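# A predicted structure for the sequence below; I have some questions about it.
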Amino acid sequence: MAGEGSRFGIGYALLPKKENSFIRESLVKLARSRGIDLVKIDTGRPLVDQGPFDCVLHKLYGEDWRSQLEDFRYQNPNAVILDSPAAIERLHDRISMLQVVSELKIENQNETFGIPKQIVIYDKETLFDNQTWELLKFPVIAKPLVADGSAKSHKMALVFNPEGLNKLKPPIVLQEFVNHGGVIFKVYVVGEHVKCVKRKSLPDVSEEKLNSLEGSLSFSQVSNLATHQKSDDKYYKMMHLEDTELPPLSFMTDIARGLRRAMNLNLFNFDVIRDTRFGNRYLIIDINYFPGYLKMPGYETVLTDFFCDMVCRKDREVAVEKDLVGEFSQEVVIAAATDGRQALSCEEEVRKIVPNSCCSDGEEMENSIQV
Ligand SMILES: O=P(O)(O)O[C@@H]1[C@@H](OP(=O)(O)O)[C@H](OP(=O)(O)O)[C@H](O)[C@H](OP(=O)(O)O)[C@H]1OP(=O)(O)O
Ligand SMILES: Nc1ncnc2c1ncn2[C@@H]1O[C@H](COP(=O)(O)OP(=O)(O)O)[C@@H](O)[C@H]1O
Ligand SMILES: [Mg+2]
Ligand SMILES: [Mg+2]
């Protein structure tokens, strides 16, 4: 909890649709009760003239906004920016987005993970080149290379045979379509918090069906089609998802933490499918910056806890110093708590220095510090 009497300001800069879905009265009230004021940033005025903000929360792109954030960071070096534009940029290209998954190492005996086979196509000639089709086999999904949040960047095509290639407009990513039982898992990440939900996806394509299908099928945002509360029992029943088993949460959490560190991002989700050929193989197909958190159960509490974690730094420095790493000098702990604050919470920073640090009852540190 924030120290008595201390309040923190978080400025937000979001597109109207996002603001509508995210800045709900329930979130604003809960945050306020915990000492955090959520304040709308006026994007028509310089950011540096507004505030003061202990943190800026944003999902806006473009050169002007980037340079506003840079000026703000220069003048407010202790403020937290969620998240850094440079880190977000990786997610705007569907190749660099998944590269980070391929580089991730996670020890697990029972499950494996990866990405589907994919290639990037910049021109029509390569699209019809035999070499391309030595690497991939039909059906494939054609996805725009750019994933910048525009409607165009969500327009996909499921391509069944060479005939379906004619309509495609490079630059695109061709990704092998993997049968996954028509259910996709969305793993929401908010700092340390990880939550996995089920959504409807594209149905499986059998070999027989493949031969009888016409060239291609266009679609967009298939898992977002129903407007229901997407994680509740009604949605699961309506979409016949109730029988689908979720992936092991500890495995998803390991992947989420690995991605968070590798990407230097706090607010994202990733889409996972389970390959029906092997019931224990998981493929990550998409990573989104600052997704629709309203659809994550208990989003107000999770986000408020996270905001506190980000801004109530001073209180936490003291807690870390007093309770957890007594044998370490104050300087080390304070450096750990304040370095790299744009990306990781102070527990993680301390963990980097004291890798196996636990509290006296053997619990992991993160469980012992509650803001
Ligand atoms: O608003 P929602 O709830 O549909 O959220 C969208 C996300 O849906 P999800 O939470 O994954 O179900 C959506 O995820 P998908 O790409 O559909 O998997 C995107 O993150 C989308 O942002 P953008 O258009 O890529 O910038 C998100 O849209 P914005 O809210 O950021 O416009
Ligand atoms: N390789 C794949 N195999 C099977 N289904 C896929 C694959 N890639 C995408 N999909 C389906 O297409 C949908 C949209 O693809 P995705 O990469 O998540 O794009 P978007 O950024 O628009 O959400 C997914 O939610 C899933 O239903
Ligand atoms: Mg997706
Ligand atoms: Mg996406």
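Thanks, I have the structure now. Numbers count the residues shown, from 1 in each chain. Ligands and ions are numbered 1, 2, ... in the order given.

# so what's the residue in the chain that ligand 1 sits nearest to up against?
Ranked by C-beta to the nearest ligand atom, the top residue of the chain for proximity to ligand 1 is Gly292, at 1.9 Å. For glycine as for every other residue, the C-beta is placed from the backbone atoms N, C-alpha and C. With C-beta atoms under 8 Å, 6 or more residues apart in numbering as the criterion, the residues that contact Gly292 are Ser21, Phe22.

# strands of the stretch 1-150 of the chain, residue ranges please.
For the stretch 1-150 of the chain, the strands identified by DSSP state E, counting those that start in this stretch occupy 8-13, 36-40, 55-58, 80-82, 112-114, 118-121, 140-144, in order along the chain.

# how confident was the prediction at the residue of the chain closest to ligand 1?
According to the prediction, Gly292 has pLDDT 96.

# tell me how far the residue positioned nearest the centre of the chain lies from ligand 3.
Centroid-nearest residue in the chain, with C-alpha atoms, centre = their mean: Phe268, separated by 1.7 Å. To ligand 3, Phe268 is 11 Å away according to C-beta to the ion, to the nearest Å.

# show me what from the stretch 151-300 of the chain comes close to ligand 1.
Applying C-beta under 6 Å from any ligand atom, we find that the stretch 151-300 of the chain lies next to ligand 1 at Lys186, Gln221, Asn224, Asn269, Asp271, Asp286, Asn288, Pro291, Gly292, Lys295.

# can you tell me which of those residues is nearest Phe128?
Comparing those against Phe128 with C-beta to C-beta places Asp286 closest, at 26.4 Å.

# find the nearest non-adjacent residue to that closest one, please.
Excluding its sequence neighbours, the residue lying closest to Asp286 (C-beta to C-beta, 6 or more residues apart in numbering) is Asp271, at 4.0 Å.

# any idea which element that neighbour lies in?
Secondary-structure element containing Asp271, defined by DSSP states H and E: strand 267-274.

# equivalent analysis for Val173, please.
Under the criterion of DSSP H and E, Val173 resides in strand 172-176.

# contacting residues around that strand?
Strand 172-176 is touched from outside by 94-95, 116-121, 132, 136-137, 139-145, 159, 285, with contacts defined as C-beta under 8 Å, 6+ apart.

# how about a cut-off of 7 Å?
Under the criterion C-beta atoms under 7 Å, 6 or more residues apart in numbering, residues 94-95, 116-121, 136-137, 140-145 lie in contact with strand 172-176.

# buried by neighbour count, from the residues you listed: which ones?
With burial judged by 16 or more other C-beta atoms under 10 Å, the buried subset of these is 94, 116, 118-121, 136, 140-145.

# give me the neighbour count for Met97.
22 (other C-beta atoms under 10 Å).

# what bridges to the residue nearest to Asp286?
Beta-bridge partners of Asp271, counted by DSSP bridges, are Lys186, Asp286.

# same check on Thr112?
Judged by DSSP bridges, the bridge partners of Thr112 are Arg281.

# if I look at the closest residue to Asp204 other than its chain neighbours, how far off is Val80?
Spatial nearest neighbour of Asp204, chain neighbours left out: Asn179 (4.0 Å); criterion: C-beta to C-beta, 6+ apart. As for Asn179, its distance to Val80 is 42 Å (criterion: C-beta to C-beta, to the nearest Å).

# please apply the same query to Gly44.
From Gly44 to Val80 the distance is 24 Å (C-beta to C-beta).

# if we can go back for a sec, which one's more surrounded, Asn179 and Val80?
Looking at Asn179 and Val80 with other C-beta under 10 Å, you find the greater number of neighbours at Val80, namely 24 against 16.

# and the closest residue to that one other than its chain neighbours, bridged to which residues?
With C-beta to C-beta, 6+ apart as the criterion, Val80 has its nearest non-adjacent residue at 4.3 Å, and that residue is Cys55. Assessed by DSSP bridges, Cys55 has beta-bridge partners Ile10, Val80.

# contacting residues around Cys55?
Residues touching Cys55, when contacts are defined by C-beta under 7 Å, 6+ apart, comprise Ile10, Ala79, Val80, Leu82, Met310, Val311.

# rerun at 8 Å
In this structure, Cys55 makes contact with Phe8, Gly9, Ile10, Gly11, Ala79, Val80, Ile81, Leu82, Phe307, Met310, Val311, judged by C-beta under 8 Å, 6+ apart.
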